[in-house]
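Chemist: next input, structure requested:
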Amino acid sequence: MSQTAKIDDKKLEVIANAIQNLQFGEVHITIQDGVIVQINRLEKQRFPQKKPNNRS
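Modeler: Numbers count the residues shown, from 1 in each chain. Sure thing, here's the model as predicted:
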């Protein structure tokens, strides 16, 4: 049996949902003894910076 086959569908669904619509951020998957035990999603909000006007 391959490693991929050992991951149940629920965990794959959670991972796919964590990635969906993520523009900036991270998805961390914690594995212990070859088993996924935790999935964390960190989303970052980025705001465009306004350049100052250099008026003399």
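Chemist: and Ala18, how many neighbours?
Modeler: 19 (other Cβ atoms under 10 Å). All C-beta atoms are positioned from the backbone trio N, CA, C, and that covers glycine.
Chemist: host element of it?
Modeler: Assigned by DSSP states H and E, Ala18 falls within helix 9-19.
Chemist: elements contacting that helix?
Modeler: Helices and strands touching helix 9-19, by 3 or more Cβ pairs under 8 Å, 6 or more residues apart in numbering; DSSP states H and E, are strand 25-32, strand 35-43.
Chemist: from the chain's centre, how far out is it? Work that out for me.
Modeler: Counting by Cα atoms, centre = their mean, to the nearest Å, helix 9-19 is centred 10 Å from the centre of its parent chain.
Chemist: who's in contact with it?
Modeler: Contacts of helix 9-19 with the rest of the structure, by Cβ atoms under 8 Å, 6 or more residues apart in numbering, involve 27, 29, 36, 39, 41.
Chemist: filter these down to the buried ones.
Modeler: Buried by 16 or more other Cβ atoms under 10 Å: 27, 36, out of the contacts of helix 9-19.
Chemist: could you list the low-pLDDT ranges of the chain?
Modeler: Scanning the chain for pLDDT under 70 picks out 1-5, 56.
Chemist: mind checking how far the residue lying closest to Gly25 once chain neighbours are set aside is from Gln23?
Modeler: Counting by Cβ to Cβ, 6 or more residues apart in numbering, Gly25 lies nearest to Glu43, which is 4.2 Å off, once chain neighbours are set aside. Between Glu43 and Gln23 the computed distance is 8 Å (Cβ to Cβ, to the nearest Å).
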